[in-house]
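Trainee: Model the structure of this input:
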Amino acid sequence: MSLLTRFLQKFIRSGELIVTLPQGERRFGTPRAGHAPVHITLADNATGRRIALNPALGAGEAFMDGRLTIAGDDAMALLDLFGHNVRWDRDNPTRVALWRVQRWLSLFAQLNSTLRARRNVAHHYDLNDRLYDLFLDADRQYSCAYYTDPYHGLDHAQRDKLAHIAAKLRLEPHHHVLDIGCGWGGMALYLHRVAGVRVTGITLSAEQLKVARARAEAAGVGDAVHFEMMDYRAVTGSFDRIVSVGMFEHFGKPHYRRFFKTLYDRLTPDGIALLHTIARADGPGVTDPWTAKYIFPGGYAPALSEVLPAIESSWLWVTDIEVLRLHYGYTLREWYARCLARRQEIESIYDARFYRMWIFYLAAATGAFFHDGHMNAQIQLTRRRDAVPLTRDYMQEMEAKYRALA
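Mentor: Numbering: from 1, shown residues only. Purely as a prediction, here's the structure:
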């Protein structure tokens, strides 16, 4: 019995996988209601061995290189099948921590010095601008949307995300806001538009900086919204509000205490910070080796149990935590569908191998939120216990106001 056969017999129980190898066809699992069998073809037995020994890296690279092909090129179907079988449920008999043996190695990958952090960011965010225009919303929000209704479209949900975050910041026109990891400037421009605040956005991506500055100038708000190429550790001065969306995942666990100390030092005494990050419900883990190599080098989504001790040591108050469970799954599913529809354009920008890498990434990430322990967390932080009202009513009132403005 081959390594691959033993591996698939162990992990594919619910749902059918048909594998075609040079020596013939094998079936694994049992029918799952509402789900058709997934049919894959492996070019050779060596590919099967690599997958069995290192599932994420082996399968990801084989799919990129064309040594693993999926009927209909449906990476989502294959990864959904596998994700369902190893889903994070207490009653799931096949749930195992496939990459826990690499957890100790992950700490070395997360030692993100200023230079390394800039290089890691450039690896992903300095890709061709045209790529992101093909699958993101009109405002280029490259983070979890907020679905007040799962049937809302992507653009609607991203606008709602901006309003949801802005409401938690309790903004006043005289405020100066620091946006750590400002992306293409969408959050900064939105906060100025709805609340009249000044915003300083910082990024380590040259491409994002160029676009953000151009958007501010085109909107005629360059005097109130400006952007800098800067690491958060180099920021000076004080800010009434600090927001960071989708950036914390790139810092690395060894730097958490430094990050939250920076928030404390940069906030005014009555200031508010809002952190929006991917997190884990299933406890500390490790970034899978394929994602770490090809998509987010140095990246890691932490468990709250890894984040809160760093906050506690910084003397910040946690004044609100909200967990968004399925929202990123819905977001990623829409990004995946948009990429499938724009395949030829993506391949014309890069090539077929890049396209396969990109949809494998989006499919795997979707499964992490629908099957594994991944979630999003929004953590509101203050220096003073009385910096925000006693109840959350103000958030709902301001969110309704910002949605009406949008």
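Trainee: need the strands for the protein, in chain order.
Mentor: 15-21, 24-30, 38-42, 68-70, 176-180, 198-203, 225-229, 239-245, 267-280, 317-324, 374-382 (DSSP state E).
Trainee: can I get the ones you listed in CSV with mean pLDDT?
Mentor: Listed next are these as CSV, based on pLDDT from 0 to 100:
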stretch, mean pLDDT
strand 15-21, 95
strand 24-30, 94
strand 38-42, 97
strand 68-70, 97
strand 176-180, 98
strand 198-203, 98
strand 225-229, 97
strand 239-245, 98
strand 267-280, 98
strand 317-324, 98
strand 374-382, 98
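Trainee: Rebuild those strands as TSV, extending it with mean neighbour count and distance to Val388.
Mentor: Bear in mind the C-beta positions are built from the backbone N, C-alpha and C, glycine included. Shown next, in TSV, are the strands of the chain (neighbours: other Cβ atoms under 10 Å; distance: least, Cβ to Cβ, whole Å):
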stretch	mean neighbour count	distance to Val388
strand 15-21	18	46
strand 24-30	14	50
strand 38-42	20	49
strand 68-70	20	49
strand 176-180	24	16
strand 198-203	24	20
strand 225-229	19	25
strand 239-245	24	12
strand 267-280	21	6
strand 317-324	16	5
strand 374-382	23	6
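Trainee: For Gly252, which of the ones you listed is the nearest?
Mentor: Across the strands of the chain, Gly252 has its closest neighbour in strand 267-280 (12.6 Å, Cβ to Cβ).
Trainee: CA atoms of that closest one as PDB?
Mentor: Provided in PDB are the C-alpha atoms of strand 267-280 (Å, rounded to 0.1, in the frame of the first residue of the first chain):
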ATOM      1  CA  LEU A 267      -2.300  57.100  21.400                       C
ATOM      2  CA  THR A 268      -3.400  60.200  23.200                       C
ATOM      3  CA  PRO A 269      -4.600  59.600  26.800                       C
ATOM      4  CA  ASP A 270      -8.300  59.400  25.700                       C
ATOM      5  CA  GLY A 271      -7.500  57.800  22.400                       C
ATOM      6  CA  ILE A 272      -9.100  54.600  20.800                       C
ATOM      7  CA  ALA A 273      -7.400  51.900  18.700                       C
ATOM      8  CA  LEU A 274      -9.200  49.300  16.600                       C
ATOM      9  CA  LEU A 275      -7.400  46.200  15.500                       C
ATOM     10  CA  HIS A 276      -9.000  44.000  12.800                       C
ATOM     11  CA  THR A 277      -7.100  40.700  12.300                       C
ATOM     12  CA  ILE A 278      -7.500  37.100  11.300                       C
ATOM     13  CA  ALA A 279      -7.500  34.900  14.400                       C
ATOM     14  CA  ARG A 280      -7.900  31.300  15.400                       C
END
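Trainee: That one vs strand 374-382, what angle?
Mentor: On the basis of axes from the mean of the first three to the mean of the last three Cα atoms, to 10 degrees, strand 267-280 is oriented at 170 degrees to strand 374-382.
Trainee: ok so, going back, to Ser348, which of the strands of the chain lies closest?
Mentor: Ser348 sits nearest to strand 68-70 of all those, at 21.4 Å, using Cβ to Cβ.
Trainee: what does the closest one contact?
Mentor: Outside of strand 68-70, the residues within contact range by Cβ atoms under 8 Å, 6 or more residues apart in numbering are 38-43, 47, 51, 59, 62-63, 77-78.
Trainee: Rounded mean pLDDT for the longest helix anywhere in the chain, please.
Mentor: The longest helix of the chain (DSSP state H) is helix 352-370. In this model, helix 352-370 has a mean pLDDT of 96.
Trainee: Return the list of helices and strands in contact with that helix.
Mentor: Counting contacts by 3 or more Cβ pairs under 8 Å, 6 or more residues apart in numbering; DSSP states H and E, helix 352-370 is packed against helix 55-65, helix 75-85, helix 289-294, helix 327-341, helix 343-349.
Trainee: Could you list the single helix or strand in this structure with the lowest mean pLDDT?
Mentor: Lowest mean confidence among the helices and strands of the chain (mean pLDDT, DSSP states H and E): helix 103-109, at a mean of 43.
Trainee: circling back to that earlier point, nearest to Ile349, out of the contacts of strand 68-70: which one, please.
Mentor: Each of the contacts of strand 68-70 was scored against Ile349 by Cβ to Cβ, and Phe63 proved nearest at 19.3 Å.
Trainee: Just checking the distance from stretch 260-278 to the centre of its chain.
Mentor: Relative to its chain's centre, stretch 260-278 lies at 20 Å (Cα atoms, centre = their mean, to the nearest Å).
Trainee: This completes my enquiry, with thanks.
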